[in-house]
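> Could you work out the structure for the sequence below:
(one chain, ligands or ions: 1)
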Amino acid sequence: MKSIDTKCVQAGYNPQNGEARVFPIYQSTTFSYETPEEMGDLFDLKKSGFFYTRLSNPTLDALEQKITALDGGVGAMACSSGMAAIYLTTLTLASKGDNILSISSIYGGTYNLFNVTLPKIGIECRFFKPDSGIEDIEKLIDDRTKFIFVETLANPAMKIADFDMLKAISDKYGIVIVVDNSLATPVICRPLEWGAHIVVYSATKYLDGHARSLGGLIVDGGNFNYCGNNRYADFNTPDDSYHGMVYAKQCGKAAFITKARVQYMRDIGAQMAPMNAFLINMGMETLHLRMPRHSDNALAVAKLLQNNPAVEWVKYAGLESDENYPQARKYFDNLWCSGMVTFGIKGGREAASKFQKALKLFRIVTHIADARSCVLHPASSTHRQLSDQDLIDCGISDNLIRLSVGIESKEDILQDIDEALLISQRS
Ligand code: PLP
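The predicted model follows:
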């Protein structure tokens, strides 16, 4: 199974004679065995199988196998939300006294986790600006830096990650690169192919694609050697909480994802619900059809906005004039740039409010990446807890409007935006 399209539809489940064609929902917390020895072997990781859904479940496993195949990794773990995926990734790599680096132009919830919550448990996040070069980032690294975090396509700043630069830094210092690929999805970009080591998703976004279920995914690239790397002492010393396991030695390429599951999913319990895994899995069966359509519609919207007098600026990497266009050409398949477009409306917050109220097809929701078009004004909603300086650091101005362009008819979408822009400028 080579093609991304086929993997979207079929990867993760290969029904045997007489089995259900659609992978079933295993709505069971636990799994039964005939002997205590068999159960013991599962706990010791001598055998693979299921014993308690907080650690794993067949429906989740099918989804994990699909995303692993799509990203080209060695294993994955389903989580209750994108935030849970990012938090569990952080705990697996860093602990008290450590630090992580993150680009500042990231989703507001992640920014808050890194900026406010992690320091409370003794993990410092050192932010770097979106236009930082290698030297700027190098200055932030020390012996206790555990990973560098970026979003492939930043929400809502629209910055595309400079994977080549990140790879150069990682190669020089032996540091893990973690990439949030929620907005690009593996149909558009596969960060592991560009040198990233861990990919995280808010599966709530395009993977589900229909605004039905919260979910997160973590994919382990299996391409980072923790063995003997002093920066990752935790991977090289026995885990007293799990049978004295030395992950780097005993788990081979799957060291990270095994540690994430048996140590932190076990302790935190932020597991995806089987029903959500079923829905997200089904959503992913059409991901390869939806992403080109989202991208095509969004490009048309960006072009309309570019030529509209009510608009101060537009950000969409698919526009040749966009500063991220070179990265899109390099890293994004077919120059598909996903469905999110941001723009600055003339007239600030007031015009932003009028514009949103005038839209008919686009609905005001705190969500993106839905098959249905939606709109949001981040400064007064998702990012309203941030200070003015934090907003600037995240790349968000008070006239920024975020459109998540759906897969409806292009003509209907363009008409809706055109009419609402006109109304937004009336006094
Ligand atoms: N990462 C990105 C890029 C997001 O946009 C979001 C949510 O909007 C998250 C992570 C958090 O995901 P969730 O809402 O599934 O926890």
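> Just give the nearest non-adjacent residue to the residue of the stretch 301-427 of the chain found nearest the ligand, would you?
Nearest residue of the stretch 301-427 of the chain to the ligand, counting by Cβ to the nearest ligand atom: residue 368, 6.4 Å away. (Glycine included, C-beta is placed from N, CA and C.) Using Cβ to Cβ, 6 or more residues apart in numbering and skipping residues adjacent in sequence, the residue nearest residue 368 is residue 404, 3.8 Å away.
> Look at the closest residue to the ligand within the chain and report its pLDDT.
Residue nearest to the ligand within the chain: residue 82 (2.3 Å; Cβ to the nearest ligand atom). According to the prediction, residue 82 has pLDDT 98.
> ok, the residue nearest to it when sequence neighbours are not counted - contacts?
Nearest non-adjacent residue to residue 82, counting by Cβ to Cβ, 6+ apart: residue 202, 2.6 Å away. Each residue near residue 202 by Cβ atoms under 8 Å, 6 or more residues apart in numbering is listed here: 81-83, 85, 107, 180, 182, 215-216.
> So which of those residues are in helices?
Here DSSP state H is the test, and the contacts of residue 202 give 82-83, 85 as lying in helices.
> Please indicate which of those has the highest neighbour count?
Scoring those on neighbours with other Cβ atoms under 10 Å, the highest-scoring entry is residue 85 at 30 neighbours.
> residues in contact with that one?
77, 79, 200-202, 216-218.
> How about residue 79: what's its closest non-neighbour residue?
Nearest to residue 79 is residue 216, by Cβ to Cβ, 6+ apart, at 3.8 Å.
> just checking, the one you found touches residue 87?
No: look at residue 216 against residue 87 with Cβ atoms under 8 Å: they stay out of range, at 9.1 Å.
> Which one of the two is surrounded by more residues?
residue 216 (27 against 21).
> Are there residues contacting both of residue 216 and residue 87? Which ones?
residue 270.
> which residues touch the residue lying closest to residue 30 once chain neighbours are set aside?
Leaving out its chain neighbours, the residue that sits closest to residue 30 by Cβ to Cβ, 6+ apart is residue 52, at 5.6 Å. Contact analysis of residue 52 by Cβ under 8 Å, 6+ apart lists 29-31.
> residues of the helix or strand bottoming out on mean pLDDT in the chain that come out buried?
Least confident helix or strand of the chain, by mean pLDDT, DSSP states H and E, is helix 388-393 with a mean of 76. Across helix 388-393, burial judged by 16 or more other Cβ atoms under 10 Å covers 390-391, 393.
> Including distance to the ligand, could those residues go into a markdown table?
A markdown table is the format used below for the buried residues of helix 388-393 (distance: Cβ to the nearest ligand atom, whole Å):
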| residue | distance to the ligand |
| --- | --- |
| 390 | 16 |
| 391 | 16 |
| 393 | 16 |
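> The stretch 1-150 of the chain against the ligand: which residues are in contact?
Residues of the stretch 1-150 of the chain that fall close to the ligand, judged by Cβ under 6 Å from any ligand atom: 81-83, 107, 109-110.
> Identify the residue nearest residue 372 in space, chain neighbours excluded?
residue 406 (4.8 Å).
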